[in-house]
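Enquirer: fold the following.
(one chain, ligands or ions: 1)
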Amino acid sequence: MASKTVLELKHVNKVYPNGVKGLDDINFTVHEGEFVAVVGLSGAGKSTLFNSINRMIDVTDGQVLVDGTDITKVNGKELRRMRRKIGMIFQSFNLVNRTTVQKNVLAGRTGYYPTWKTLLGIYSKEDKQQAVVQLEKVNMVKKLYRRADQLSGGQKQRVAIARTLMQNPTLVLADEPVASLDPKTSKGVMDDLYNLKKHEHITVLVNLHSMELALKYADRIIGLRDGKLVYNKPIAEANEADLRDVYEHGRDN
Ligand SMILES: Nc1ncnc2c1ncn2[C@@H]1O[C@H](COP(=O)(O)OP(=O)(O)OP(=O)(O)O)[C@@H](O)[C@H]1O
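Expert: Here you go, the predicted structure:
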């Protein structure tokens, strides 16, 4: 039986006000539990793609279907509800440095509370227990009351993964999650990201600079060049010559 479609892009274009085509007629589908690496040169459109999927930017035209609903068409409460399903992991971790690991992880529940409660830091006992459960998954529960700025880069990224799990997402977008980390730490963080797929059946899209990591972890590789989708193959069919082509002849940035 074919697995459920979690993400589908249909004829998506993004033209920036300066006329640059960030995305040029993008079409692809991602199924539940897939771990997809998005690769391409700097300026290929990877960030534009991720920002279009979580609606941080508005596409010019086309459809971005997340769990069957076009996120480009929703607003207000419905957009908030859809964003809860989409976890984000960033290169720079995006933790609040001056507060504890626990509070950073609880912030993953923000989309489920009215704003005044999150501003006052009021979270339920169940959520506090959940924070511990999620931190256990990334081996960070020992640091529950540690301030975020006292953690190493790899530890920060693990906390960010636990925070994302608090959202109970169906889809996680990881935008260059290991670009600031050394190779050994990168592997640990990639393993934790892979566990989202393996143990939680979460669909993961990860934007990677390292082809080596893409080949090691991904079920499928999507390649962008000059805003166009130029590669989309399961890992079993990925061959180096094709992949090299993704990195050639890109526009100058
Ligand atoms: N706000 C913007 N205004 C105008 N052009 C933009 C804007 N953001 C991105 N671009 C352009 O759109 C194209 C795609 O950029 P994008 O940041 O998506 O690429 P990328 O693949 O994520 O690159 P990198 O790996 O360097 O982050 C580039 O030519 C870039 O200069």
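
Enquirer: list the contacts for residue 103?
Expert: Residues in contact with residue 103, defined by Cβ atoms under 8 Å, 6 or more residues apart in numbering, are 96, 121. To be clear about C-beta, it is placed using only N, CA and C from the backbone, and glycine gets the same treatment.

Enquirer: need the pLDDT of it.
Expert: With respect to pLDDT, residue 103 has a value of 93.

Enquirer: tell me the secondary structure at it.
Expert: At residue 103 the chain is in helix, as set by DSSP: H, G, I helix; E, B strand; the rest coil.

Enquirer: residue 123 versus that one, what's the distance?
Expert: Separation of residue 103 from residue 123 (Cβ to Cβ, to the nearest Å) stands at 9 Å.

Enquirer: let me see the mean pLDDT of stretch 23-31.
Expert: Rounded mean pLDDT across stretch 23-31 is 98.

Enquirer: how far is stretch 178-191 from where the chain is centred?
Expert: Its chain's C-alpha centre and that of stretch 178-191 lie 15 Å apart, by Cα atoms, centre = their mean, to the nearest Å.

Enquirer: now do the buried residues in that stretch.
Expert: Neighbour counts over stretch 178-191 (16 or more other Cβ atoms under 10 Å) mark 178, 180, 181, 185, 186, 187, 188, 189, 190 as buried.

Enquirer: what do you get for stretch 53-71?
Expert: Neighbour-count burial for stretch 53-71 [16+ other Cβ under 10 Å]: 53, 54, 55, 57, 59, 62, 63, 64, 65, 66, 67, 71.

Enquirer: is any residue of that stretch near the ligand?
Expert: No: against the ligand, stretch 53-71 shows no contacts by Cβ under 6 Å from any ligand atom, the least distance being 7.8 Å.

Enquirer: go on, stretch 232-249?
Expert: No: figure legend: stretch 232-249 not in contact with the ligand (Cβ under 6 Å from any ligand atom); closest approach 11.3 Å.

Enquirer: contacts made by that stretch with the rest, please.
Expert: So stretch 232-249 is in contact with 28, 39-41, 211, 215, 218-225, 230-231, going by Cβ under 8 Å, 6+ apart.
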